[in-house]
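**Student:** okay, predicted coordinates and the sequence, questions at the end:
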Amino acid sequence: MTVAVGILGATGAVGQRLVQLLAPHPEFEIRALTASEASAGRSYGDASKWRIESPIPDAVAEMTVTETTPEAVPDDLDLLFSSLPSDIGREVEPAFCEAGYVVSSNSSNARTADDVPLTVPEVNADHIDLIERQRDERGWDGALVKNPNCSTITMVPPLAALDDAFGLDRVTVATLQAVSGAGYDGVTSMEIIDNAIPHIGGEENKMETESRKLLGEFDGASVSWHDTRVEASCNRIPTLDGHLENVWVETTADATVEEAAEAMESYPSLELYSSPDQLVHVFEDPERPQPRLDRTLEGGMAVAAGGLRSTDGGLQFNCLAHNTLRGAAGASLLNGELLAEKGYI
């Protein structure tokens, strides 16, 4: 079965990654691309200012961009992927859901809403069934599903593995985040070259809240957030892609380095088309993972971990993921594949 899809906000950094991932997809077919009013009516090749390392797909380049409204896109689309800025997504995404569209969104709005699934499919696929409550309460024929922030996605799979094996009491994380996480126009070269910026607006709160919702328990009607304490400090550094994070955890049960590594490496992936064969790869080399060397592990869809050592009461480790692939476009794509597998589209 071919799933007809559209991309809301298709010309931006994440929108272009979605095009890159969706164009060769064996089950999904791009039928619509939307952007701002200024881009509407132009060919995607002209409007997008393509900046991905692989060539723009010819068929997509020739497609005409439409405005981002339910009236402007075909009504026979099965699924929409949204990479809209959160202030626009907050207004536009509910309108699409009310019009009957199912939306898999990377935008930060509504991620912690009680009736909106926030999912990393390998970690909490069952949360997708919050859609039933969402439709009942909002009267939507469509649905809205979110993936978390790109820095949250990087640390949650290793944390989920440790939580399942040993329990989590406290998490502290310091991030070193790539400039692509701010979008093409987010950080100027004068700001970031020979520099590091020790603040990313709103990022700490996203990591501290979204991780607890992702690790929470779903009872069929609501999610009870995990009661672990999460504290984050987020920093922008001059790497292009790949968020590297230093994580300290206090575990409920004692865990050796060897046991922690085994828990991470054996944490199961899924059999969705875009899932990595192994979700978390653990390096023994203390100098790994590194953004330049390890961000494209398993096509950029796996998480790399390393630097595991014991601390007083827990463990310390480093983790890395490609922030626009695993952390954004790829995360939305996995949620779309999960929606299809679960019969919501």
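**Tutor:** Sure thing, it's come through. Because the structure is predicted, anything quoted here is derived from the model rather than measured.

**Student:** which residues in the stretch 1-150 of the chain form strands?
**Tutor:** Along the stretch 1-150 of the chain, counting by DSSP state E, counting those that start in this stretch, strands occupy 3-8, 28-35, 66-67, 79-82, 102-105, 143-146.

**Student:** list the contacts for residue 265?
**Tutor:** By C-beta atoms under 8 Å, 6 or more residues apart in numbering, the contact set of residue 265 is 278, 280-282. Bear in mind the C-beta positions are built from the backbone N, C-alpha and C, glycine included.

**Student:** nearest to residue 170, of these?
**Tutor:** residue 280 (20.5 Å; C-beta to C-beta).

**Student:** turn the strands of the stretch 1-150 of the chain into JSON lines, columns for mean pLDDT and mean neighbour count.
**Tutor:** Output for the strands of the stretch 1-150 of the chain, formatted as JSON lines (pLDDT from 0 to 100; neighbours: other C-beta atoms under 10 Å):
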{"stretch": "strand 3-8", "mean pLDDT": "98", "mean neighbour count": "23"}
{"stretch": "strand 28-35", "mean pLDDT": "98", "mean neighbour count": "21"}
{"stretch": "strand 66-67", "mean pLDDT": "98", "mean neighbour count": "18"}
{"stretch": "strand 79-82", "mean pLDDT": "98", "mean neighbour count": "27"}
{"stretch": "strand 102-105", "mean pLDDT": "98", "mean neighbour count": "26"}
{"stretch": "strand 143-146", "mean pLDDT": "98", "mean neighbour count": "26"}
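
**Student:** which one of the ones you listed lies nearest to residue 218?
**Tutor:** Between residue 218 and these, the tightest spacing by C-beta to C-beta is seen for strand 143-146, at 13.6 Å.

**Student:** who's in contact with that closest one?
**Tutor:** Strand 143-146 has contacts (C-beta under 8 Å, 6+ apart) with 93-94, 97, 102-107, 110-111, 116-119, 128, 131, 134-135, 335, 339, 344.

**Student:** now go through the contacts of residue 265 and say which are in strands.
**Tutor:** Among the contacts of residue 265, the members falling in strands (DSSP state E) are 280-282.

**Student:** tell me the pLDDT at residue 57?
**Tutor:** Turning to residue 57, the model gives it a pLDDT of 95.

**Student:** next, it: phi, psi?
**Tutor:** phi -60, psi 130 (degrees, to the nearest 10).

**Student:** for it, what are its contacts?
**Tutor:** 19, 23-24.

**Student:** just the helices from the stretch 151-300 of the chain, written as ranges.
**Tutor:** 189-192, 203-214, 257-265, 291-294 (DSSP state H, counting those that start in this stretch).

**Student:** please save the CA atoms from the first one in PDB.
**Tutor:** Meaning helix 189-192. Once non-C-alpha atoms are left out, helix 189-192 reads as follows in PDB (Å, rounded to 0.1, in the frame of the first residue of the first chain):
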ATOM      1  CA  SER A 189      29.300  32.500  11.800                       C
ATOM      2  CA  MET A 190      30.400  35.600  13.800                       C
ATOM      3  CA  GLU A 191      28.600  34.200  16.900                       C
ATOM      4  CA  ILE A 192      29.900  30.600  16.800                       C
END
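
**Student:** show me which positions of that helix end up buried.
**Tutor:** Residues of helix 189-192 classed as buried: residue 192 (neighbour count, 16 or more other C-beta atoms under 10 Å).

**Student:** likewise for the longest one?
**Tutor:** With burial defined by 16+ other C-beta under 10 Å, the residues of helix 203-214 counted as buried are 203-204, 206-214.

**Student:** swap in stretch 33-44?
**Tutor:** 33-35, 39-40, 44.

**Student:** now render the buried residues of helix 203-214 as JSON lines, adding pLDDT.
**Tutor:** Below are those laid out as JSON lines (pLDDT from 0 to 100):
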{"residue": "203", "pLDDT": "97"}
{"residue": "204", "pLDDT": "98"}
{"residue": "206", "pLDDT": "98"}
{"residue": "207", "pLDDT": "98"}
{"residue": "208", "pLDDT": "98"}
{"residue": "209", "pLDDT": "98"}
{"residue": "210", "pLDDT": "98"}
{"residue": "211", "pLDDT": "98"}
{"residue": "212", "pLDDT": "98"}
{"residue": "213", "pLDDT": "98"}
{"residue": "214", "pLDDT": "98"}
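
**Student:** ok so, going back, now the strands of the stretch 1-150 of the chain in a markdown table, with distance to residue 248?
**Tutor:** Formatted as a markdown table, these follow (distance: least, C-beta to C-beta, whole Å):
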| stretch | distance to residue 248 |
| --- | --- |
| strand 3-8 | 38 |
| strand 28-35 | 39 |
| strand 66-67 | 47 |
| strand 79-82 | 34 |
| strand 102-105 | 31 |
| strand 143-146 | 27 |
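
**Student:** and residue 310, which of those is closest to it?
**Tutor:** Closest of the strands of the stretch 1-150 of the chain to residue 310 is strand 143-146, at 35.1 Å (criterion: C-beta to C-beta).

**Student:** for that closest one, list the C-alpha coordinates in CSV.
**Tutor:** In CSV, the C-alpha atoms belonging to strand 143-146 read as follows (Å, rounded to 0.1, in the frame of the first residue of the first chain):
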residue,chain,number,x,y,z
ALA,A,143,-4.7,13.2,14.9
LEU,A,144,-1.5,14.9,16.2
VAL,A,145,1.6,13.0,17.2
LYS,A,146,4.9,14.6,18.3
